[in-house]
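[1] Fold the following and give me the result.
(2 chains)
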Amino acid sequence: MTDATPSPAAPAAADIEVIDVSRWYGNVVAVNGISFSIGAGITGLLGPNGAGKSTLIHMLSGFLRPSAGSVRVLGQPTWGNEHVYRQIGLVEAREAVYPFLTGREFVVLSARLHGLPRPEKAAARAIAIADLESVQDRPTGGYSKGMKQRIKIAAAVVHDPQVLLLDEPFSGADPSQRLRMMDILKGMAQQGKTILFSSHILEEVERLAENVLVIVGGRLAASGDFHAIRKLMTDRPHVFTVRSSDDRRLASALMNDPSVSGVELDSGAMRVRTSEFAAFTMAAPRVARAQAVTLFEVLPADESLESVFAYLVRR
Amino acid sequence: MNRDIFWLTIRELAGRRRLALVVLLGVLPSLVSVAYRLGDQNTAAARWTADTLLYNVIITIFLPLVALIFGTSALGSEVEDGTAIFLLSKPVTRGSVISAKLMAAWALTAVFVVPAASVSGAIAIWGTPEQGIITGFVVACVLGALAYDSLFVMLSAFTTRALFVGLAYVFIWEGIINSIFSGTRFFSIRQCCLGVAALISSAPEETFSANLSGLESIVILAVAVVVPVWAAVRLLRMYQVGESG
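    Alright, predicted model coming up:
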């Protein structure tokens, strides 16, 4: 596992504590010996599909029993403890709303089930946060996917929980809805709430999260400050495929550039290794111009998120 | 019982297609009665009403089918579409959830079965002393509905195939096994309903008779409610979402 330093993902007052947690289904290990603790602010749970993000969120929200280890939210175990929901808001990945209820009825129901003294007022506040006043009297069955996500967020925050857990909250939302939801979560974080959301999209986490947990194959690959982890991801060894008017000439010139760690000449293509992504992309055209070589193509190879995650796991 | 969950479940169960199906089923017993009245009426009206109409049509087919439709959907549809997580992520005891779901399913089952039994029974027995037959079967339907719904709500907390398991119970266990092995009557809600009807009715044995006494029927029905409800609450406390990414 990679620990980005400094690591604000483990603040002193941790609202969520996960200690050596594993979860398996028969012989399949979904989550394997994960430990972390997070406090106020936004933490992104990043990983490719099938990495174990939803399994982890379900264990945190008390909907899956850990096969081993312990999960505590605000000092309480979540499994089999319905009282913990007074302080937790949960937004599930599934598009599950009661289609016959209007948006307002849905949020008021949530407020009533939380036993709030003035459910209508609390619902109005939550709907305003989600910016859905204009459609609150329409049945949720007719909402778009993004609107459903937002009404689910309104229902999840109606009781002003200290901890908000969201599983792939931006999935299916259009860019403007995505930005609106991000604003909602940032606003809550500024009020000192602890927010954990899962995503398999690096850019979503980059835009929103101060801290990040990277999970790959059920293991915690990295945790800590997002920018430190992003730097690790960027500065990992990269391979570029380069095509030019004179590959041999360009290869020997590139070998002398400090950003290049190796060059391979293959049949009709040149493969350049570098651990400095940005520096190389600046150097390649400069060196080519100096050598009077025309660049046809500079293509980063193997830039999939899976390969980035795999690199973090290997470290 | 949580009233918000009760009304939510009523609204959820009262979907147009589901109601249309149950209303259609509910009209059939009255049509059968009308057909009987228009026919030769060779069988004594009281006996036909009790034995053929209220037992073989209402108690044996209509009641368990309606209870199956509402009982398995009350919780099962939410487990299936994922809204169960919305409900269960609230600080509401699992006992409150189950009791609200059960009461909603029971209320709707009774709303359809009681008029179907009363109206079809009244048409069939018109002009003949009623002898508490309709009253007995209506009470039996109400109690039987509670027992069936308890069982089906519990099944939906246990398996996503509650509808098939429920159908197997009604038509294989109660329909076939019960008719072959008389000892299994103690495990049949249908036989208990007959026992309750016989307890209330003053009709002679040749009109209709039960295999269980009234007391046995009531005790078994009580057990058939309490045990599934207890099991459903336990199952809901252990509720886990399926394997996920």
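[2] Within range of chain A, give me the residues from chain B.
    Counting by C-beta under 8 Å from any C-beta of the partner chain, chain B comes close to chain A at B:2, B:4-5, B:8, B:11-12, B:15, B:81-83, B:85-94, B:237-241, B:243-245. Where C-beta positions appear, they are placed from N, C-alpha and C, glycine not excepted.
[3] Out of the residues you listed, list just those in helices.
    B:4-5, B:8, B:11-12, B:81, B:83, B:85-88, B:94, B:237 (DSSP state H).
[4] Which strands or helices does the helix or strand of chain B with the lowest mean pLDDT pack on?
    Here the helix or strand of chain B ranked lowest by mean pLDDT, DSSP states H and E is helix B:178-180, holding a mean of 81. Helix B:178-180 sits against no helix or strand, with contacts defined as 3 or more C-beta pairs under 8 Å, 6 or more residues apart in numbering or on different chains; DSSP states H and E.
[5] Contacts for that helix next, please.
    Contact with helix B:178-180 is made by B:184-185, B:188, B:190-191, as judged by C-beta atoms under 8 Å, 6 or more residues apart in numbering or on different chains.
[6] can you check stretch B:192-211 too?
    Here stretch B:192-211 has contacts from B:44, B:46-47, B:50-51, B:54-55, B:59, B:63, B:131-133, B:135-137, B:139-141, B:143-144, B:147, B:182, B:185, B:191, B:212-218, B:220-221, B:224, using C-beta under 8 Å, 6+ apart.
[7] In helices only, show me those residues.
    B:46-47, B:63, B:133, B:135-137, B:139-141, B:143-144, B:147, B:191, B:214-218, B:220-221, B:224.
[8] of the contacts of stretch B:192-211, buried ones?
    Buried by 16 or more other C-beta atoms under 10 Å in any protein chain shown: B:46-47, B:50-51, B:54-55, B:59, B:63, B:131-133, B:135-137, B:139-141, B:143-144, B:147, B:185, B:191, B:212, B:214, B:216-218, B:220-221, B:224, out of those.
[9] Point out where chain B drops to low pLDDT.
    Low-confidence segments of chain B (pLDDT under 70): B:40-43, B:243-245.
[10] ok, 50 please
    B:243-245 (pLDDT under 50).
[11] From chain A, how far out is the residue most central in space within it?
    The centre of chain B sits closest to B:Ala145, judged by C-alpha atoms, centre = their mean, with a distance of 3.1 Å. Separation of B:Ala145 from chain A (C-beta to the nearest C-beta, to the nearest Å): 24 Å.
[12] Grab the nearest non-local neighbour of that residue.
    B:Thr109 (4.1 Å; C-beta to C-beta, 6 or more residues apart in numbering or on different chains).
[13] and that neighbour, what is it in contact with?
    So B:Thr109 contacts B:63, B:66-67, B:70-71, B:145, B:148-149 (C-beta under 8 Å, 6+ apart).
[14] Closest one to chain A out of these, please.
    Using C-beta to the nearest C-beta, B:Phe70 is the member of those that lies nearest chain A, at 16.2 Å.
[15] Please enumerate the strands of the stretch 51-200 of chain A.
    Per DSSP state E, counting those that start in this stretch, the stretch 51-200 of chain A carries strands over the ranges A:68-73, A:76-77, A:88-91, A:163-166, A:194-199.
[16] got JSON lines for those strands, with mean pLDDT, distance to B:Ser120 and mean neighbour count too?
    Listed next are the strands of the stretch 51-200 of chain A as JSON lines, based on pLDDT from 0 to 100; distance: least, C-beta to C-beta, whole Å; neighbours: other C-beta atoms under 10 Å in any protein chain shown:
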{"stretch": "strand A:68-73", "mean pLDDT": "94", "distance to B:Ser120": "55", "mean neighbour count": "18"}
{"stretch": "strand A:76-77", "mean pLDDT": "92", "distance to B:Ser120": "54", "mean neighbour count": "14"}
{"stretch": "strand A:88-91", "mean pLDDT": "93", "distance to B:Ser120": "48", "mean neighbour count": "26"}
{"stretch": "strand A:163-166", "mean pLDDT": "95", "distance to B:Ser120": "53", "mean neighbour count": "24"}
{"stretch": "strand A:194-199", "mean pLDDT": "92", "distance to B:Ser120": "56", "mean neighbour count": "26"}
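[17] Now A:Met255: closest residue in space, sequence neighbours ignored.
    Leaving aside its sequence neighbours, A:Met255 sits nearest to A:Val263 (C-beta to C-beta, 6+ apart; 5.6 Å).
[18] Tell me how far that neighbour lies from A:Val242.
    Note on A:Val263: its distance to A:Val242, by C-beta to C-beta, to the nearest Å, is 9 Å.
[19] swap in B:Phe62?
    In terms of C-beta to C-beta, B:Phe62 sits 77 Å off from A:Val242.
[20] Repeat that for A:Ala189.
    On the measure of C-beta to C-beta, A:Ala189 and A:Val242 end up 43 Å apart.
[21] who's more crowded, those two?
    A:Val242 (22 against 19; other C-beta atoms under 10 Å in any protein chain shown).
[22] picking up where we left off before, nearest to chain B, of the strands of the stretch 51-200 of chain A?
    strand A:88-91 (4.5 Å).
[23] Is any residue of the closest one near chain B?
    Yes: residues of strand A:88-91 contacting chain B under C-beta under 8 Å from any C-beta: A:88, A:90.
[24] That strand: partners in the sheet, and parallel or antiparallel?
    Counting by DSSP bridges, the strands paired with strand A:88-91 are strand A:163-166 (parallel).
[25] I would like the residues contacting the strand it pairs with, please.
    A:15-16, A:57, A:60-61, A:73-74, A:87-91, A:153, A:156-157, A:185, A:188, A:193-198.
[26] and A:Arg207, which of the three is it?
    In three-state terms, and counting by DSSP: H, G, I helix; E, B strand; the rest coil, A:Arg207 is helix.
[27] quick one: it and A:Met181 touch, right?
    No: look at A:Arg207 against A:Met181 with C-beta atoms under 8 Å: they stay out of range, at 10.9 Å.
[28] What are the contacting residues of stretch B:33-53?
    Under C-beta under 8 Å, 6+ apart, the answer for stretch B:33-53 is B:29, B:32, B:120-121, B:123-131, B:133-134, B:137, B:197, B:201, B:203, B:206-208.
[29] Next, the buried residues of it.
    B:33, B:36, B:45-53.
[30] and the residues of chain B next to chain A, which are buried?
    Using 16+ other C-beta under 10 Å, the buried ones in these are B:2, B:4-5, B:8, B:12, B:83, B:85-92, B:94, B:237, B:239, B:241, B:244-245.
[31] From the contact counts, what lies against the longest helix anywhere in chain A?
    As assigned by DSSP H, the longest helix anywhere in chain A is helix A:175-190. Applying 3+ C-beta pairs under 8 Å, 6+ apart, one finds that helix A:175-190 contacts strand A:41-46, helix A:145-157, strand A:163-166, strand A:194-199, helix A:202-208.
[32] and the angle for the first one with helix A:175-190?
    Which is strand A:41-46. Going by axes from the mean of the first three to the mean of the last three C-alpha atoms, to 10 degrees, strand A:41-46 is angled at 130 degrees with respect to helix A:175-190.
[33] average pLDDT across strand A:41-46?
    Mean pLDDT, strand A:41-46: 92.
[34] For the stretch 101-250 of chain A, which residue gets nearest to chain B?
    A:Leu113 (3.8 Å).
[35] CSV for the buried residues of stretch B:33-53, including distance to B:Val114?
    Below are these laid out as CSV (distance: C-beta to C-beta, whole Å):
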residue, distance to B:Val114
B:Ser33, 15
B:Tyr36, 20
B:Ala45, 21
B:Ala46, 20
B:Arg47, 22
B:Trp48, 20
B:Thr49, 16
B:Ala50, 17
B:Asp51, 20
B:Thr52, 19
B:Leu53, 15
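[36] Just the closest of those residues to A:Ser35, please.
    Set against A:Ser35, the nearest of the buried residues of stretch B:33-53 by C-beta to C-beta is B:Leu53 (66.9 Å).
[37] Count the neighbours of B:Ile177 for me.
    Number of residues near B:Ile177 (other C-beta under 10 Å) recorded here: 13.
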